[in-house]
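In: Starting from these lines, generate the structure:
(one chain, ligands or ions: 2)
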Amino acid sequence: MTHHSAMYSPSIYHLIDKLCVVIPMKSPKRSKQRLVGSLSDSAREKLSLTLFENTLAFFQRHFPMLDVLVVSESLEVLSLAQSYEANTLFDDGEKGLNSALDFACDWVKQSGYDSQLIVPSDIAALDPEEILTLMKAAHDASVVIAVAKDGGTNALLTSPPDAIQFEYGCDSASAHKANATNNRLACRSLHLANLALDIDHSEDLQVAVIRQPERFKAWRDNSAALMKKTLIKERHYA
Ligand SMILES: Nc1nc2c(ncn2[C@@H]2O[C@H](COP(=O)(O)OP(=O)(O)OP(=O)(O)O)[C@@H](O)[C@H]2O)c(=O)[nH]1
Ligand SMILES: O=C(O)[C@H](O)COP(=O)(O)O
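Out: Ligands and ions are numbered 1, 2, ... in the order given. Just a heads-up that it's a prediction; the model follows:
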């Protein structure tokens, strides 16, 4: 047992050995298209990599006992994942997120896990307590959804991994809940303050950088000169 185990309540022990965390990640070049007008290509790519690396570091630090799988078409992303001891899966990305997750889910099932937690790579601030809350909710719900600020799905914990069909896209939290109901599975939709906030638009980025400058420090140091100052102004980052 690691020193971390002291913080875990018995209600999540049922999951620890049987859960795989899945992080889908596009190639940095294709990432964060909604920020194209706000950031230069280089700053946008670096931002997506910084957020992804923050996500890997978070799970390594706070949940070292959980296995992680990264699915991506980018060799750079997969190699970064390996440096954090994550498992890696190449998917060419041509059929989009749901198809990449179907492929990842097959891997997770075949590897013998009973549960899967999908977390996107662009949550502004991951909070260990919120991950524990999801895991506790999985005690009596096959499907646990952390709803995004815009009705998307920012975390999805399913037991078994393929309990429902993935329908990421517009209003995916409702779609995932409906799929659970159709499959007669218990479902909990949770509105968690930090997990609700993925970085989609430049306003989300501004708020995140102001709230947690240390988390974005490396990206800011590298990218300040690259920003398009019409939408995101230097003073927001002071
Ligand atoms: N492997 C893989 N991951 C994907 C794919 N599409 C999206 N993702 C990942 O899924 C998560 C949510 O993605 P989105 O919000 O749709 O994409 P984004 O790059 O963050 O932002 P936009 O391009 O502005 O939509 C992020 O971690 C993405 O990197 C895909 O086709 N393949
Ligand atoms: O549910 C989805 O499709 C996204 O992963 C989360 O939605 P959002 O990026 O629109 O918040």
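In: Around ligand 1, pick out the residues from the protein.
Out: Counting by Cβ under 6 Å from any ligand atom, the chain comes close to ligand 1 at 24-26, 31-34, 71-72, 91, 93, 96-97, 100, 120-122, 200. Backbone N, C-alpha and C define where each C-beta goes, glycine included.
In: rerun at 8 Å
Out: Residues of the chain that fall close to ligand 1, judged by Cβ under 8 Å from any ligand atom: 23-26, 30-35, 48, 52, 71-73, 91, 93-97, 99-101, 104, 120-122, 152, 168, 198-200.
In: Please flag which of these sit within strands.
Out: Residues from the residues of the chain next to ligand 1 lying in strands, with DSSP state E as the criterion: 23, 24, 71, 72.
In: Just give me the neighbour total for the residue in the chain positioned nearest to ligand 2.
Out: Of all residues in the chain, residue 152 sits closest to ligand 2, at 2.0 Å by Cβ to the nearest ligand atom. By other Cβ atoms under 10 Å, 21 other residues sit near residue 152.
In: returning to what we had before: just the buried subset of the residues of the chain next to ligand 1, please.
Out: Among the residues of the chain next to ligand 1, those scoring as buried are 23-26, 31-32, 35, 48, 52, 71-73, 91, 93, 97, 100-101, 104, 120-122, 152, 168, 198-200 (criterion: 16 or more other Cβ atoms under 10 Å).
In: Distance-wise, check the closest residue to the residue of the chain closest to ligand 2 other than its chain neighbours relative to residue 124.
Out: The shortest distance from residue 152 to any non-neighbouring residue, by Cβ to Cβ, 6 or more residues apart in numbering, is to residue 172 (5.3 Å). Distance of residue 172 to residue 124, given as Cβ to Cβ, to the nearest Å: 19 Å.
In: Fine by me, thanks again.
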